[in-house]
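Student: A predicted structure for the sequence below; I have some questions about it.
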Amino acid sequence: KMNKKRPFSLILLVVLLVVIGIGGIISGLMLFLAPDGSLMQMPVDVLDGSPFPDFLIPGIILFLFIGIFPVLAGFSLVRKPAWQWPDALNPIKDTHWAWAASWAAGVIMLIWIIAETIMLGYISFLQPLIAVWGIAIIVLSLLPDVRRTVKR
């Protein structure tokens, strides 16, 4: 077993992925368990500019793509599981698939928050915060220290 010290940038990246993921899991659960928005004290009429009649579909998307996916990416950056199915989707063959998953998580966050802001308008300080968080995940993923830790 290798005993290599993990760079601070990798640790910070994993923390950002896991924290946003936990938030996405909790928020997603609250939205699809109460599609009327009552668990989050969010009126369903905030969705008026969107294609969604209630929070069910946004909750499922949030749970999977802003919740489960970043947690899985963060876990995989540390553990580097030898799973075959994500490796088939990895566009960068000289790195572990977790690296592509980490920057993809940042891109997904940006797409989510931009789409939300376009559909609903500015409704919360969380929107710019999540945009900056997504950018930070992308930037950290691209740092040479992080990239070196996932080279094959």
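Tutor: Now that the structure is in, tell me what you want to look at. Residues are numbered from 1 along each chain as shown.
Student: Low-confidence regions, the chain specifically.
Tutor: Counting by pLDDT under 70, the chain shows low-confidence ranges at 1-3.
Student: Would you state the strands of this structure in chain order?
Tutor: In the chain, no strands are defined using DSSP state E.
Student: the longest helix in it is where?
Tutor: The single longest helix within the chain, with elements called by DSSP state H, is helix 8-33.
Student: Give me the buried stretch members for that one, please.
Tutor: 9-10, 13-14, 16-18, 20-21, 23-25, 27-32 (16 or more other C-beta atoms under 10 Å). Where C-beta positions appear, they are placed from N, C-alpha and C, glycine not excepted.
Student: Could you do stretch 118-125 as well?
Tutor: residue 120.
Student: so how far is that stretch from its chain's centroid?
Tutor: Here stretch 118-125 is found 19 Å from its chain centre; the criterion is C-alpha atoms, centre = their mean, to the nearest Å.
Student: Which strands and helices lie in contact with the longest helix of the chain?
Tutor: helix 56-61, helix 69-79, helix 97-120, helix 126-142, helix 144-149 (3 or more C-beta pairs under 8 Å, 6 or more residues apart in numbering; DSSP states H and E).
Student: so can I have a markdown table of those helices showing distance to residue 89?
Tutor: As requested, those are exported to a markdown table (distance: least, C-beta to C-beta, whole Å):
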| stretch | distance to residue 89 |
| --- | --- |
| helix 56-61 | 19 |
| helix 69-79 | 12 |
| helix 97-120 | 7 |
| helix 126-142 | 16 |
| helix 144-149 | 18 |
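Student: quick one: which of those helices is nearest residue 40?
Tutor: Nearest of the helices and strands packed on helix 8-33 to residue 40, taken as C-beta to C-beta: helix 56-61 at 9.3 Å.
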